[in-house]
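Novice: sharing a model that was predicted from the sequence below.
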Amino acid sequence: MNAPASPVATRPTVNPAQLIELLTAYIPARLPVLITGPAGIGKSDIVDRAAYAKGHDLLISHPVVEDPTGSKGLPFPSADGKTAAHLPFGDLERAVNSTRPLVWFLDDLGQASPAVQAAKMQLLLARRVGSHELPPHVTFVAATNRRSDNAGVSGILDPVISRFATVVELQPTVNDWTAWAILNNVPAELIAFLRFRPDLLFVQKRSRDIENSPSPRTWGFLAKTMPVVPKGLELLSYSGTVGVEAATELMSFLGIYRQLPSPDSILLNPDTAQIPENTSALYAVTAALAAYSNEGNFDRVLTYTDRIISGGSREFGALLVRDALRRTPTLANTDAFVRAQGGEIGKIIQGT
């Protein structure tokens, strides 16, 4: 008897880095892309970054709050009153009359009514509605949550789906979120925590209760509250942002983080400063030092990093150096880093 066939995924999945690469290839070729995935994982932000990378303006539409006339234009009688034409307005007017390369982003398309989705079909394939033709420099990208995401998605009409050159599902990863977080000055302790607990980056919400759950979006909100929330209200505040369970885990980690030696005390004696043996503490120390690194102290940071690597924690040494370089690219020009290129630090940066 033959073994049962393995289940086939309903659609290909991509991580954020792959999606940006895909969009930057499809957008200049005027190939429309449909992105699916749960709420709060960065779909809109990635489209924005891809449009910017290719020098395109970005037009964001929300079909869920539209009616079909938004895609067709308003009926308007001629001067003699015997005929009528559709006049574009709003987003349609902006797209039709655009003169620069433009990404027209249809956000939350799956929440739109069937009538509105049907009205988009002619635009997506024929690139015109009535007598109004879209300029060749306009590219469509759309995003939607899935039916299972409790986001009010009833589905997308099959004829609409078939008008996209490809349909992909976005899955968040802690590495991509970390790269974004470093560039957006997210507190080092939060980056360290999610590296320690990557399973909490995104947790699928199963109930319909009015509460938040962990996602890249909600962790981004939490990062903004960390500098301002009073210490006595941290658990309460963070629970409202990412849920009680994730907030409790974060508070336990912060208790460890706040008891560790300060970066100043470590760099005062990088040859002898204690290196944590606990995994969570190692994540905390390396994230803190990466955020603290500058051209004046990077030689001492690298001395401590070399000890981390020599002690068998090669992964943590790599995280420290890479995060420091992401935050401050000019560190790569320091004498200390140039000298370190010939040793173990140079090997981990090159991925060997």
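Specialist: Yep, it's here.
Novice: burial measure for Val168, as a count.
Specialist: Residues near Val168, counting by other C-beta atoms under 10 Å, number 19. Placement of C-beta: from N, CA and C, glycine included.
Novice: can you tell me the element the closest residue to Ser239 other than its chain neighbours falls in?
Specialist: In this structure, Ser239 finds its nearest non-sequential neighbour in Ala247, 4.1 Å apart by C-beta to C-beta, 6 or more residues apart in numbering. If you go by DSSP states H and E, Ala247 is part of helix 244-257.
Novice: now do the strands in this structure.
Specialist: 13-14, 33-36, 57-61, 74-77, 84-87, 102-106, 128-129, 132-133, 138-144, 166-170 (DSSP state E).
Novice: got the contact list for the first one?
Specialist: Under the criterion C-beta atoms under 8 Å, 6 or more residues apart in numbering, residues Leu22, Val168, Glu169, Leu170, Gln171 lie in contact with strand 13-14.
Novice: if we can go back for a sec, residues touching the residue nearest to Ser239, list them.
Specialist: Going by C-beta under 8 Å, 6+ apart, Ala247 touches Leu235, Tyr238, Ser239, Thr241.
Novice: and if you look at Ile256?
Specialist: Under the criterion of C-beta under 8 Å, 6+ apart, the neighbours of Ile256 are Asn278, Ser280, Ala281, Ala284.
Novice: measure the third one to Leu102 for me?
Specialist: When distances are taken as C-beta to C-beta, to the nearest Å, Ala281 and Leu102 turn out to be 49 Å apart.
Novice: quick one: Leu157 and Pro114 touch, right?
Specialist: Yes - Leu157 lies in contact with Pro114 (C-beta atoms under 8 Å); the separation is 6.1 Å.
Novice: burial count for Thr279?
Specialist: By other C-beta under 10 Å, 11 other residues sit near Thr279.
Novice: can you check Pro270 too?
Specialist: Pro270 has 18 neighbouring residues, counting by other C-beta under 10 Å.
Novice: mind checking how far it is from Trp104?
Specialist: Counting by C-beta to C-beta - Pro270 and Trp104 are separated by 53 Å.
Novice: next: Phe140.
Specialist: Using C-beta to C-beta, Phe140 is found at 5 Å from Trp104.
Novice: low-confidence ranges, the protein, go.
Specialist: By pLDDT under 70, the low-scoring segments of the chain are 1-11, 84, 151-152, 349-352.
Novice: now for the most centrally placed residue in it: which residues touch it?
Specialist: Nearest to the mean C-alpha position of the chain, by C-alpha atoms, centre = their mean, lies Gly42 at 3.6 Å. Taking C-beta under 8 Å, 6+ apart, we find Gly42 in contact with Pro16, Leu170, Pro172, Trp177, Trp180, Pro216, Arg217.
Novice: skipping adjacent residues, who's closest to the first one in space?
Specialist: Once flanking residues are discounted, Pro16 sits nearest to Asp176: 3.9 Å by C-beta to C-beta, 6+ apart.
Novice: hang on, the earlier thing: from the contacts of Gly42, which is closest to Phe253?
Specialist: Among these, Trp177 lies closest to Phe253 (C-beta to C-beta), at 16.3 Å.
Novice: so who does the closest residue to Ala118 other than its chain neighbours touch?
Specialist: Leaving out its chain neighbours, the residue that sits closest to Ala118 by C-beta to C-beta, 6+ apart is Leu157, at 6.5 Å. For Leu157, the contact set (C-beta under 8 Å, 6+ apart) comprises Pro114, Gln117, Ala118, Met121.
Novice: cross-check the contact I'm expecting between Ala318 and Ile348.
Specialist: Yes - Ala318 is within contact range of Ile348, at 4.2 Å (criterion: C-beta under 8 Å).
Novice: residue most distant from the centroid, this structure?
Specialist: Centroid-distance maximum for the chain: Asp80 at 53.4 Å, with C-alpha atoms, centre = their mean.
Novice: for Lys72, see how far away it is.
Specialist: As judged by C-beta to C-beta, Asp80 and Lys72 stand 22 Å apart.
Novice: then Glu189?
Specialist: 52 Å.
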